[in-house]
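**Student:** Just need the structure, nothing else, for what follows:
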Amino acid sequence: MTTTAPSPAPAARLPSAAPRTGVRLGACALVLAATAGCASGPGANPRDPLEPFNRGVSRFNDAVDDAVLRPVARAYVDVTPNPVRTGVSNFFRNLTEPWSAVNNLAQLKVKDAAESWIRFNVNFFLGLGGLLDVAGEMDIDRHPQDFGKTLAFYGVPSGPYLVLPVLGPSTVRDAATLPLETRVSLIRQGADEIAVRNSLYALRLVDARANLLRISSVVEQAALDKYTFTRDAYLQLRQSQAPKRGSDTSDGGDYEDQSEADGPAPGPAALVPR
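**Tutor:** Now for the predicted structure:
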């Protein structure tokens, strides 16, 4: 007697969502980096024990950038008037202000949190939804923050330097915050239509890459080793942005920048700044 296996139930249709791609890329990178850790040699940079893995991802990112992102960004710059591009950058920058307010408050920076919240509302209601930086004209300063910096503020070490597929430079700590950062994104919260949401994510990526065109050209011309230059510049930038807690110290081992022992440091995204 022959038995016939029941046919599998049809797969449920899952909505495509751009933010999930970034989260999955980050998760995969963390897993692969963990398995690649043994590839580090004795002469590896203590801040970058995953260098062989990171260089491989960097080469992949460069290939994607050369084939897709850079040409699209250049076309965007060529066909879009500068005032329009400025408005687009202002719009996406303004969407980060509420999350900056939350993280400033978590870091006990009440004044900075208040100014971030005021900036968002002023620009949203008086600046055509954020296209105009009215708050900047009113001398209300920006205080950009993210959850990676908040973790650093409370002494969580940055962990090794990590290059994420497409998203670029990060650290293990900051990459681990991507699911939360994506979840609270105002694009995700405010755009119900998946097509609209994905279009906004794509425009944000193109806008971010367009803003980096000049910098990337300088790096390619000046740096003998683009990977090393990018890594060191990124880590120094995140270190300079790190919140300080007076005499707070953290046990970061070899993975931590020396300065982070005196007060926290660094978080991701060459192509998608927070």
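
**Student:** going forward, measure contacts between C-alpha atoms and count neighbours the same way
**Tutor:** Will do.

**Student:** is it true that V122 touches V134?
**Tutor:** Yes: V122 is within contact range of V134, at 6.7 Å (criterion: C-alpha atoms under 8 Å).

**Student:** burial count for Q189?
**Tutor:** Neighbours of Q189 under the rule other C-alpha atoms under 10 Å: 11.

**Student:** State the helix or strand in which it lies.
**Tutor:** Using DSSP states H and E, Q189 sits in helix 186-190.

**Student:** per-residue confidence at S7?
**Tutor:** Looking at S7, its pLDDT stands at 47.

**Student:** next one: M1
**Tutor:** Predicted confidence (pLDDT) for M1: 48.

**Student:** related to what we said a few turns ago, so which bits of the helix holding Q189 are buried?
**Tutor:** 186-188 (16 or more other C-alpha atoms under 10 Å).

**Student:** Quick check: G190 vs D65, distance?
**Tutor:** 29 Å (C-alpha to C-alpha, to the nearest Å).

**Student:** again with L180
**Tutor:** L180 is 26 Å from D65, by C-alpha to C-alpha.

**Student:** Report how many residues lie close to R183.
**Tutor:** 14.

**Student:** okay, and the helix or strand of the chain with the least pLDDT?
**Tutor:** helix 18-36 (a mean of 49; mean pLDDT, DSSP states H and E).

**Student:** So which elements touch the following helix or strand past that one?
**Tutor:** Once the chain leaves helix 18-36, the next helix or strand it forms, by DSSP H and E, is helix 51-64. Here helix 51-64 touches helix 18-36, strand 161-164, going by 3 or more C-alpha pairs under 8 Å, 6 or more residues apart in numbering; DSSP states H and E.

**Student:** Output stretch 194-201 as PDB - backbone C-alpha positions only.
**Tutor:** Listed next in PDB are the C-alpha coordinates belonging to stretch 194-201 (Å, rounded to 0.1, in the frame of the first residue of the first chain):
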ATOM      1  CA  ILE A 194       4.500  49.100   1.800                       C
ATOM      2  CA  ALA A 195       5.200  50.700  -1.600                       C
ATOM      3  CA  VAL A 196       5.300  54.100  -0.100                       C
ATOM      4  CA  ARG A 197       7.500  53.000   2.800                       C
ATOM      5  CA  ASN A 198      10.000  51.200   0.500                       C
ATOM      6  CA  SER A 199      10.100  54.200  -1.800                       C
ATOM      7  CA  LEU A 200      11.000  56.400   1.200                       C
ATOM      8  CA  TYR A 201      13.700  54.000   2.300                       C
END
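
**Student:** Just the mean pLDDT for stretch 134-151, thanks.
**Tutor:** Stretch 134-151 comes out at a mean pLDDT of 96.

**Student:** hmm, back to that, could I get the buried residues of helix 186-190 as CSV with pLDDT?
**Tutor:** Listed next are those as CSV, based on pLDDT from 0 to 100:
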residue, pLDDT
L186, 93
I187, 93
R188, 90
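
**Student:** now, among these, which is nearest to R209?
**Tutor:** I187 (18.3 Å; C-alpha to C-alpha).

**Student:** On the pLDDT front, check the closest residue to Y161 other than its chain neighbours for me.
**Tutor:** Closest residue to Y161 apart from its sequence neighbours, by C-alpha to C-alpha, 6 or more residues apart in numbering: T171 at 4.4 Å. You'll see T171 listed with a pLDDT of 95.

**Student:** what about T171, how many neighbours?
**Tutor:** 27.

**Student:** from what I can see it touches P160, true?
**Tutor:** Yes: contact criterion C-alpha under 8 Å: T171 and P160 qualify, at 5.7 Å.

**Student:** so K226 touches S216, yeah?
**Tutor:** No: K226 lies out of contact with S216 (C-alpha under 8 Å); the separation is 9.6 Å.

**Student:** returning to what we had before: what's downstream of the helix holding Q189, the next helix or strand?
**Tutor:** Next element after helix 186-190 (DSSP H and E): helix 194-211.

**Student:** buried residues in that following helix?
**Tutor:** By 16+ other C-alpha under 10 Å, the buried positions in helix 194-211 come out as 197-198, 200-201, 203-211.

**Student:** picking up where we left off before, what packs against the helix holding Q189?
**Tutor:** helix 194-211.
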